[in-house]
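In: got a predicted structure plus its sequence, pasted below:
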Amino acid sequence: MPTLTIDGKEITVEPGTTVLQACEEAGIEVPRFCYHDRLSIAGNCRMCLVEMERSPKPIASCAMPAADKMVIHTNTPSVRKARQGVMEFLLINHPLDCPICDQGGECDLQDQAIAYGYDSSRYHENKRAVKDKYLGPLIKTIMTRCIHCTRCIRFATEIAGVEELGATGRGEHMEIGTYVEEALTSELSGNMIDICPVGALTSKPYAFTARPWELRKTETVDVHDAVGSNIRVDTRGREVMRVLPRLHEDVNEEWISDKARFAVDGLKRQRLDRPYVRIDGKLTPATWDQAFRAIAARMAGLAGERVAAITGDMADAEAMTALKDLMAAIGSPHIDCRQDGARLPAGPRAAYLFNTTIAAIEAADACLLVGTNPRWEAPLVNARIRKRWLLGGFKAAMIGPRPDLTYDYDYLGAGPQTLAQIADGSHAFAETLRTAERPMLIVGMGALARDDGAAVLETARRIAESFGMVSEDWNGFNVLHTAAARVAGLDLGLLPGEGGRDVAGILDGARAGEIDLVWLLGADEIDTTDLGDAFVVYQGHHGDAGAHRADVILPGAAYTEKDATWVNTEGRVQLGRRAHFPPGDAREDRTILRAFSDVIGQRLPYDNLGQLRRRMAELAPHFGAIDEIPEIEWGAFGTAGQMADAPFASPISDFYLTNPIARASSVMAECSQLYVSNGKATGTDG
């Protein structure tokens, strides 16, 4: 390993480390604009110049590999003069619009200009002006500010896998754009705003609304999909102004999806901010006491078998625990967290987790995708698969829909017949799995949320066992969830009890008059017309499908408005933090259920969040291990049986409108209209 001296400090680094990375390991900051840890090296801004002994001129530290016995100086007069010269050139054409720039206060160019800029310019020629480019409804461009670092181009090409950005012209005539003036078609495009070191790319929905120093910053977890991306919610008062990614190497690295970033305007639209009771066919505003008493009156005298509960895709673990205990207290076995009807069992836990873990995708050498479109269902998982594919020696194949996944894959077939051929070893791809050292399989809700889902799950398990996907140090069997609440619900046992009904059974019972009261905890993805004449209690935060059908509405808190626990698709328990309070009379879901239990004389045995979390740990001990992946035991699961001939279909028809918050967002509606309705989306079948 090379050992070099940096500013008199000797340091040993891994082979292939650049001088800039070595400087950072030594605790020495080197300014840069074009260099980014997760992108290829461009070496075109020259801001990272350092002095190397026996070199006739300063070197670009980002592009120079560290070598043994190198002697580097990062703070000599010549280095400082070189950086000042680079800064002077960068500012020749840069507009003096910091006071109106959304990047102001968190701009790399501002920060470096303080350290290396002059108080005046020696250039008196007219500044260059560049026409702004159209990149879609999410990214605002002010291209005169662009310093040609090419980070956005490299991100689009390497991370997002959408080669739609590039540079035209040379020298002073160079411009960055999309060539044909069309919107970017990546679900990760908003990350370009974060990596742009100047104000050339900013958030279009956030434009001119706030300054960073006005905002209160809260670290929490995204719930728009099951990845559990770590995010930072910036609020001003009770309004969420923006959402930014937070670094978590094992989950989302430093990226988030466009839905997680831009759907926040949906948090202030179509909100439920007070209880409602349906009187003479019309929902009428009510007090909490009136709403509770209306439910209690309808519940009085009902046997537990005539009451049921369904939890939605964005329910937190605390609320689901309280609802489970409430249903148990009144004697109801009818409860289900599988809103889409996925045939997932209660255990073992390996049956419904992404066992490989998201980070370990990078160690796989073959991948079979079954009934899933990860580009829409989990963009960050798809980005990890692309990252592994770019390294080479990786073979991917698809059974089911045929989307553009930003990497090459073999399309094997549309449905269960192909899966069965792989299971019995007669398909050609079976040999690929057999010879792979670390093969993995990803089965999605498009394959499991069907009548034959249990048989599909059993077949997928047999494939995992037959082709060496499960060993002491590797588990390649993975279920990719689409709902943030699903894994926690399965962990906590929100499944039908003895003699209980699942979601389909509850809807059938309500339609047939066998279920008299249905409690919907944020369940908006079911067909509410199937609820028949049942008395419906909807507890949630948006006036979506469930609220329109409800007889009583109990306004809950959205994910940014409560301290809550979430479990992502790989089984990682994470804590969400309250960034602001819910609107009006809305309350956290767990407190609503606790208060209602008093009204019906079935008081739940926890009065605060700590007690409730202890109850969760009783139901599933791993809830006490935050941000860890507990050891998971393998076992038999699935049900052997005949699989139908129908092809697997993607569970998501519109990436931008998958939940009540997104459907209330005008930004997501615009994206849906542009990308899906107009056929510009590339994550669909092709």
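Out: Okay, I see it.

In: looking at this, G266 is in a helix?
Out: Yes: using DSSP: H, G, I helix; E, B strand; the rest coil, the secondary structure at G266 is a helix.

In: any idea which helix or strand carries I11?
Out: strand 9-12 (DSSP states H and E).

In: any chance you could list what contacts that strand?
Out: Here strand 9-12 makes contact (C-beta atoms under 8 Å, 6 or more residues apart in numbering) with 1-5, 22, 25-26, 28. All C-beta atoms are positioned from the backbone trio N, CA, C, and that covers glycine.

In: show me what the next helix or strand after it is packed up against.
Out: Remark: after strand 9-12, the chain's next helix or strand is helix 19-25, criterion DSSP H and E. Helices and strands in packing contact with helix 19-25 are listed as strand 3-6, strand 49-52, strand 71-73; criterion 3 or more C-beta pairs under 8 Å, 6 or more residues apart in numbering; DSSP states H and E.

In: make JSON lines out of those strands and add mean pLDDT and distance to R438.
Out: Written out in JSON lines, the entries for the helices and strands packed on helix 19-25 read as follows (pLDDT from 0 to 100; distance: least, C-beta to C-beta, whole Å):
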{"stretch": "strand 3-6", "mean pLDDT": "94", "distance to R438": "34"}
{"stretch": "strand 49-52", "mean pLDDT": "95", "distance to R438": "40"}
{"stretch": "strand 71-73", "mean pLDDT": "95", "distance to R438": "39"}
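
In: quick one: closest of those strands to A620.
Out: Among the helices and strands packed on helix 19-25, the nearest to A620 by C-beta to C-beta is strand 3-6 (48.9 Å).

In: in a markdown table: the helices and strands packed on helix 19-25, plus distance to D502.
Out: Compiled in a markdown table, the helices and strands packed on helix 19-25 are given as follows (distance: least, C-beta to C-beta, whole Å):
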| stretch | distance to D502 |
| --- | --- |
| strand 3-6 | 63 |
| strand 49-52 | 64 |
| strand 71-73 | 65 |
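
In: between those, which one is closest to K140.
Out: Proximity of these to K140 was assessed by C-beta to C-beta; the nearest stretch is strand 49-52, lying at 31.8 Å.

In: for that closest one, give me every contacting residue.
Out: By C-beta under 8 Å, 6+ apart, the list of residues contacting strand 49-52 from outside reads 19, 23, 30, 58-61, 64, 70-74, 76, 78-79, 82-83, 86.

In: now stretch 100-119
Out: 31, 33, 47, 80, 83-84, 86-88, 90-91, 94, 98, 140, 142, 145, 147, 196-199, 202-203, 206-208, 211-213.

In: now that stretch: buried residues?
Out: Taking 16 or more other C-beta atoms under 10 Å as the basis for neighbour counts, the residues of stretch 100-119 that come out buried are 101-103, 107-110, 112-113, 116-117.

In: what's the most distant pair in the residues you listed?
Out: For those, with distances taken as C-beta to C-beta, the pair at the greatest spread is D102 and Y116 (23.2 Å).

In: got the contact list for S332?
Out: Applying C-beta under 8 Å, 6+ apart, one finds that S332 lies in contact with 304-305, 307-309, 500.

In: pLDDT and distance to P333 added to the residues you listed, as CSV?
Out: Supplementary listing: those in CSV, determined by pLDDT from 0 to 100; distance: C-beta to C-beta, whole Å:
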residue, pLDDT, distance to P333
G304, 92, 7
E305, 94, 7
V307, 96, 10
A308, 97, 9
A309, 97, 10
G500, 93, 3
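
In: which of those residues fall within strands?
Out: Filtering the contacts of S332 for membership in strands, criterion DSSP state E, returns 307-309.

In: and the pLDDT for the residue nearest to A319 when sequence neighbours are not counted?
Out: The shortest distance from A319 to any residue that is not its chain neighbour, by C-beta to C-beta, 6 or more residues apart in numbering, is 3.5 Å, and that residue is D589. The per-residue pLDDT reported for D589 equals 97.

In: now D589: how far from A595?
Out: For D589, the distance to A595 equals 11 Å [C-beta to C-beta, to the nearest Å].

In: those two: who's more crowded?
Out: Neighbour comparison, D589 and A595: the larger count goes to D589, with 27 against 16 (by other C-beta atoms under 10 Å).

In: where's the more buried one relative to Q539, distance?
Out: With distances taken as C-beta to C-beta, D589 is found 6 Å from Q539.

In: now the common contact residues for those two.
Out: With contacts defined as C-beta under 8 Å, 6+ apart, the residues adjacent to both D589 and Q539 are 521-522, 556.

In: in contact with the residue nearest to I330 when sequence neighbours are not counted, which residues are there?
Out: Spatial nearest neighbour of I330, excluding adjacent residues (C-beta to C-beta, 6+ apart): G304 at 5.0 Å. By C-beta under 8 Å, 6+ apart, the contact list for G304 reads 327, 330-333.
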